[in-house]
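J.: Okay, sequence plus prediction incoming.
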Amino acid sequence: MAFGRDHELHTRRFGRNLGLGLVLAAFVALVFGLTIVKVSQGNPMQAYDHAPRPELVQPEVTQ
């Protein structure tokens with residue numbers, strides 16, 4: 001049994017799937033790039049857990 005030519009609906013669907021795949025790949029690359037930049041800056045990354053952390057409080061400057 002040989003396969004025939006694709007219907008034009010399949011061609012349009014392939015175009016949409018390809019576009020969506022490219023958008024998703026760009027989003028993943030953006031998130032990955034932002035993560036690499038954040039990690040390479042060396043800032044201490046701490047989660048926000050609704051608890052006071054003394055190490056993050058700026059000391060008051062008295063004159």
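T.: Sure, I can see it.
J.: and residue 31, how many neighbours?
T.: Here the number of neighbours of residue 31 (other CB atoms under 10 Å) works out to 10. For every residue, glycine as well, the C-beta is placed using N, CA and C.
J.: That one and residue 18: what is the separation?
T.: 21 Å (CB to CB, to the nearest Å).
J.: For stretch 56-63, what is the distance to the chain centroid?
T.: How far stretch 56-63 lies from its chain's middle: 35 Å, per CA atoms, centre = their mean, to the nearest Å.
J.: likewise stretch 25-44?
T.: Taking CA atoms, centre = their mean, the mean C-alpha location of stretch 25-44 is offset from the chain mean by 8 Å.
J.: give me phi/psi at residue 54?
T.: Dihedral pair for residue 54: phi -60, psi -30, per degrees, to the nearest 10.
J.: What's the local residue count around it?
T.: 5.
J.: cool, residue 59 as well?
T.: Using other CB under 10 Å, the number of residues around residue 59 comes to 5.
J.: now do residue 28
T.: Applying the criterion other CB under 10 Å, we find 10 residues in the vicinity of residue 28.
J.: Could you check which helix or strand contains the most centrally placed residue in the chain?
T.: The centroid of the chain falls nearest to residue 31 when counting by CA atoms, centre = their mean (2.4 Å). Assigning secondary structure by DSSP states H and E places residue 31 in helix 8-40.
J.: what's the spacing between that helix and its chain's center?
T.: 10 Å.
J.: Name the residues of that helix that come out as buried.
T.: For helix 8-40, a neighbour-count test (16 or more other CB atoms under 10 Å) marks nothing as buried.
J.: Just the mean pLDDT for it, thanks.
T.: On average, the pLDDT along helix 8-40 is 92.
J.: so how far is stretch 5-17 from its chain's centroid?
T.: Relative to its chain's centre, stretch 5-17 lies at 29 Å (CA atoms, centre = their mean).
J.: try stretch 33-46
T.: Between the centre of stretch 33-46 and the centre of its chain there are 14 Å (CA atoms, centre = their mean).
J.: Quick check: residue 39 vs residue 4, distance?
T.: The gap separating residue 39 from residue 4 is 52 Å, by CB to CB.
J.: Over to residue 38?
T.: Separation of residue 38 from residue 4 (CB to CB): 51 Å.
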